[in-house]
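# What shape does this take:
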Amino acid sequence: MELNSSQPAPLTVFSAEGVEEQLGVAATKYCNDRVEIEQGLVRLPQLFEWYHADFGSTDRELLSFVCRQLTGPKQKALMSAIKGGRVPEVQYR
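Next up is the predicted model:
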């Protein structure tokens, strides 16, 4: 659960048989609901700053992880922002 969030994540019970898929669905929903992308700027939930090393040792690795969780226009926007080795500014909120 994310502390200091205006929208705390709902609690969900996962089944042992489907935990990998269920966690993937939860990660996708979390990122799509909370990641904001503008020209040259990506705003991420504070959770990604606290656990940055778990998602990648550099901002580029972190953004690549986040990109894999996104869908639709947000994923396309982030893919465009990080293509060619570029790394947009990352802010945490």
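# State which helix of this protein is the longest.
helix 19-34 (DSSP state H).
# For the next helix or strand after it, buried residues please.
Downstream of helix 19-34, the first helix or strand assigned by DSSP states H and E is strand 36-38. Neighbour counts over strand 36-38 (16 or more other C-beta atoms under 10 Å) mark I37 as buried. (Each C-beta comes from the backbone N, C-alpha and C, glycine too.)
# next one: stretch 55-74
Quick answer for stretch 55-74 (16+ other C-beta under 10 Å): F55, D59, L62, L63, V66, C67, Q69, L70, K74.
# E17 and V25, how far apart?
Separation of E17 from V25 (C-beta to C-beta, to the nearest Å): 14 Å.
# of the two, who's got more company?
Each of E17 and V25 has its neighbours counted (other C-beta atoms under 10 Å); V25 has more, 13 against 8.
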